[in-house]
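Visitor: Turn this into a structure:
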Amino acid sequence: MSILLRCFATLFVLLPIISLAQSEEARGRFPEKIVITVVDEAGKPIKHANGYHDLGEYINFTVDENGVFEIPIKEYEERWQGGPASDVTIRAEGYGPFLASFRKSPIPPETLTAVLKPAQKIGALVVDEEGTPIEGVGVALIVTPETSYQTGVWTGVSTETDADGRWSLFHLPATFTHARLDLRKKGYRSTLVTLPAARLNPGTAGQFNEKILLEVDPILEQIRSNPMSRSSLEFLEEPVPLADSTATTEAEMKPYTEKIPGTEITFKMIPIKGGKFLMGSPENEPGRNADESPRHEVEIKPFWMEEHEVTWKEFEQFALKYLRRSRKPSDTLSDRERSADAMATPTSPWDISVISKGTAGKPGYPASGVTLYAAQAYCKWLTIMTGRYYRLPTEAEWEYACRAGVQSVYSFGNDAETINDFAWHFGNSDGQVRKVKQKKPNAWGLYDMHGNVAEWVLEQYAVDTYKNRVTNMFGAPVKIPDSRDGTAGIARGGHFDNEWPDLRSAKRLRADGTWNAREPAWPYSIWWLTDAPFVGFRIVRPLEPPKTEEEVKLYDPDPEVWKEYYRINGR
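Guide: I've put the predicted structure just below:
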């Protein structure tokens, strides 16, 4: 193991380095062993010393009662002559560490005396911009030695700063003139500081002459302040006034037309009364799959659902930043609008014409080629804009709304002969996404629940999901979908390129890696699907919005997914 790699695994500071040149007579006589004797400056053996070496392989050792340790070396002769990576490091409590380097020695010595000198403490106090001590800062040390044959050495990451922000290390001030400290902590700028040795002397106990300032990482500051990192609960007070949108009981719920503030874009929300239904399919249903079993009763609470799939005109206000870009410097924005404009938005898509099959920007076409995470983020953005809690439907809510009170194969019955009246599918779409609301709605006034684009729902895919559902869950996800996993999500309803069995009310469409096969970037986009122009979504609004952070986490986009992506991608 080289010293550069070992420095991150082991705490040590600049060591006295012994360059062991050999005489001509010694060359050609490879010893059987190296005998190391560890003594103090007076020549007295240090009995509690220990260390490690990589003369042939990485080995830890402890000296005997005479301060002696023997390293068998003959078996390493062939490797040694091939170019040794060879050091011996020795340490003892109360003494500065010792390093013997054999890197320029064609043949090792038979004996080595390691003289350890008493250690003194060096240290510093690490604070933030307000002068508050920072705990847990890792500090690595590079020193400038006084003697010419020694070189600056990475001495490894020290013990981190303590709860009072203090970093300290035992060292020999006499062996170096300057020190360079590399300080690192997640959330702060990495900082390099070069200081004279004397300034690292802590003086009396608990006092440090040197204060080192760490500045907050600007990227982390952006992440912390971004509304994506904030709870949706913060935005539910004093919603934007809208006719017929207020209700406290199911009986008060009415259809209403939502308007995206700052635009003329509207869409209709349909009230869906609560109730119970049988989720899944019976064993004799044509085209059924095993993951639709067992059929089980689920109780659903009331909610509103968008009457059609979210269109590009709606989605692009957020995803393509159309609304933000339309702002004028003279515009007076509300706190909501400022927060919505500040929220994290998708990176530019790889090829939006491919992702959307050429429909992006065209009125009436459903947004497509979007990830589950992008759909969740749009819901959060809309929540911020309006003060009304929007989210994706759970899988149970979606199937309940699709069935519209019936238990047949489709919402319009068991006979697929009339499917052309209600759905765009392989047989009538010509392989193309179609405008919303061109077919008949189901009994509850919802369009395109079968076909056109499949619709994301909130559920982690598993073959046995239905076996694990608890009866009192009210349609909540059995498991929160993992947005980092491209095969974790589920879409429902089938799409324009599916045959009729895949448009059944009970059909579960599992996402897979082919949906993003042509993604050119790394990490893969958390926003767009390069090869799934058949996947979109629609939104719901529960009559009872979440009241706790635990509830919000079931439905909101996980901010950690965006944070991780943003740190890597920086966009």
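
Visitor: Please, where are all the strands along the stretch 1-150 of the chain?
Guide: Ranges of strands in the stretch 1-150 of the chain, per DSSP state E, counting those that start in this stretch, are 17-19, 33-39, 50-53, 59-62, 68-72, 87-91, 98-101, 111-115, 120-127, 138-145.

Visitor: I'd like these as TSV, with mean neighbour count, distance to residue 346 and mean pLDDT appended.
Guide: No exception for glycine: its C-beta is placed from N, CA and C like everyone else's. Shown next, in TSV, are these (neighbours: other C-beta atoms under 10 Å; distance: least, C-beta to C-beta, whole Å; pLDDT from 0 to 100):
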stretch	mean neighbour count	distance to residue 346	mean pLDDT
strand 17-19	16	54	41
strand 33-39	19	62	90
strand 50-53	20	51	82
strand 59-62	12	52	86
strand 68-72	16	60	88
strand 87-91	24	51	79
strand 98-101	22	52	73
strand 111-115	18	61	87
strand 120-127	21	38	80
strand 138-145	20	34	68
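
Visitor: Any chance of a markdown table for those strands, columns distance to residue 239?
Guide: What follows is these, written out as a markdown table (distance: least, C-beta to C-beta, whole Å):
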| stretch | distance to residue 239 |
| --- | --- |
| strand 17-19 | 70 |
| strand 33-39 | 75 |
| strand 50-53 | 65 |
| strand 59-62 | 65 |
| strand 68-72 | 75 |
| strand 87-91 | 65 |
| strand 98-101 | 68 |
| strand 111-115 | 74 |
| strand 120-127 | 43 |
| strand 138-145 | 46 |
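
Visitor: Run through the residues that contact the closest residue in space to residue 239 that isn't next to it in sequence.
Guide: Residue nearest to residue 239 in three dimensions, not counting chain neighbours: residue 387, with 2.8 Å by C-beta to C-beta, 6 or more residues apart in numbering. By C-beta atoms under 8 Å, 6 or more residues apart in numbering, the contact list for residue 387 reads 235, 236, 237, 238, 239, 240, 336.

Visitor: elements contacting the longest helix along the chain?
Guide: Counting residues, the longest helix in the chain under DSSP state H turns out to be helix 372-386. Judged by 3 or more C-beta pairs under 8 Å, 6 or more residues apart in numbering; DSSP states H and E, helix 372-386 is in contact with helix 312-319, helix 335-342, helix 559-569.

Visitor: please redo it, this time with the cut-off set to 10 Å
Guide: Here helix 372-386 touches strand 256-259, helix 312-319, helix 335-342, strand 454-457, strand 535-536, strand 540-542, helix 549-555, helix 559-569, going by 3 or more C-beta pairs under 10 Å, 6 or more residues apart in numbering; DSSP states H and E.

Visitor: Show me what the fourth one is packed against.
Guide: Put plainly, it is strand 454-457. helix 372-386, helix 395-403, strand 490-492, strand 508-510, strand 535-536.

Visitor: what's the distance between the closest residue to residue 345 other than its chain neighbours and residue 386?
Guide: Excluding its sequence neighbours, the residue lying closest to residue 345 (C-beta to C-beta, 6+ apart) is residue 321, at 5.6 Å. Taking C-beta to C-beta, to the nearest Å as the measure, residue 321 falls 18 Å from residue 386.

Visitor: quick revisit: avg pLDDT for the longest helix of the chain?
Guide: The predicted model assigns helix 372-386 a mean pLDDT of 96.

Visitor: Domain boundaries for the chain, per the record?
Guide: Annotated domains of the chain cover 17-115, 120-216, 223-569 [automatic domain parsing].

Visitor: which stretch in the ones you listed has the least confidence?
Guide: Of all those, mean pLDDT reaches its minimum on domain 120-216 (a mean of 70).

Visitor: From residue 332, how far out is the residue nearest to residue 239?
Guide: For residue 387 relative to residue 332 (C-beta to C-beta), the value is 18 Å.

Visitor: Next: residue 553.
Guide: As judged by C-beta to C-beta, residue 553 and residue 332 stand 34 Å apart.

Visitor: now residue 287
Guide: Counting by C-beta to C-beta, the separation of residue 287 from residue 332 is 56 Å.

Visitor: Please say which of these two ends up with more neighbours.
Guide: residue 287 (16 against 6; other C-beta atoms under 10 Å).

Visitor: so the more buried one makes contact with residue 410?
Guide: No - assessed by C-beta atoms under 10 Å, residue 287 is found out of contact with residue 410, at 11.2 Å.

Visitor: which residues do the two both contact?
Guide: 416, 500, 503, 504, 506 (C-beta atoms under 10 Å, 6 or more residues apart in numbering).

Visitor: Dump the residues you listed into CSV; add neighbour count as well.
Guide: Formatted as CSV, the shared contacts of residue 287 and residue 410 follow (neighbours: other C-beta atoms under 10 Å):
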residue, neighbour count
416, 20
500, 21
503, 28
504, 27
506, 24
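
Visitor: What is the nearest of these to residue 474?
Guide: Distance to residue 474 across those (C-beta to C-beta) is lowest for residue 506, with 19.5 Å.

Visitor: wait, doesn't the closest one sit right on residue 294?
Guide: No - counting by C-beta under 10 Å, residue 506 does not reach residue 294; the two are 11.9 Å apart.

Visitor: Common neighbours of the two, please.
Guide: Common neighbours of residue 506 and residue 294, counting by C-beta under 10 Å, 6+ apart, are 279, 280.

Visitor: got a list of what the spatially closest residue to residue 45 that is not a sequence neighbour touches?
Guide: Leaving aside its sequence neighbours, residue 45 sits nearest to residue 67 (C-beta to C-beta, 6+ apart; 3.1 Å). Counting by C-beta under 10 Å, 6+ apart, residue 67 touches 36-40, 44-49, 90, 92, 113-114, 116.

Visitor: Which one of the residues you listed is nearest to residue 194?
Guide: Within the contacts of residue 67, proximity to residue 194 (C-beta to C-beta) peaks at residue 116, which comes in at 27.3 Å.

Visitor: which one is the closest one nearest to, not counting chain neighbours?
Guide: Using C-beta to C-beta, 6+ apart, the nearest residue to residue 116 is residue 95, at 3.9 Å.

Visitor: Tell me the secondary structure at residue 418.
Guide: With DSSP: H, G, I helix; E, B strand; the rest coil as the basis, residue 418 sits in helix.

Visitor: Okay, and the beta partners of the nearest residue to residue 243 once chain neighbours are set aside?
Guide: Distances taken as C-beta to C-beta, 6+ apart put residue 256 closest to residue 243, at 6.5 Å, once the chain neighbours are dropped. Taking DSSP bridges, one obtains residue 269 as the residues bridged to residue 256.

Visitor: how close does residue 256 get to residue 269?
Guide: The spacing between residue 256 and residue 269, counted by C-beta to C-beta, is 5 Å.

Visitor: Overlap of the contact sets of these two?
Guide: Residues touching both residue 256 and residue 269 (C-beta under 10 Å, 6+ apart) are 242, 244, 245, 304, 388, 541.

Visitor: among those, which are in strands?
Guide: Among the shared contacts of residue 256 and residue 269, DSSP state E puts 304, 541 in strands.

Visitor: okay if I get the shared contacts of residue 256 and residue 269 as a markdown table plus neighbour count and distance to residue 313?
Guide: A markdown table is the format used below for the shared contacts of residue 256 and residue 269 (neighbours: other C-beta atoms under 10 Å; distance: C-beta to C-beta, whole Å):
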| residue | neighbour count | distance to residue 313 |
| --- | --- | --- |
| 242 | 16 | 19 |
| 244 | 13 | 22 |
| 245 | 20 | 20 |
| 304 | 24 | 20 |
| 388 | 20 | 19 |
| 541 | 23 | 19 |
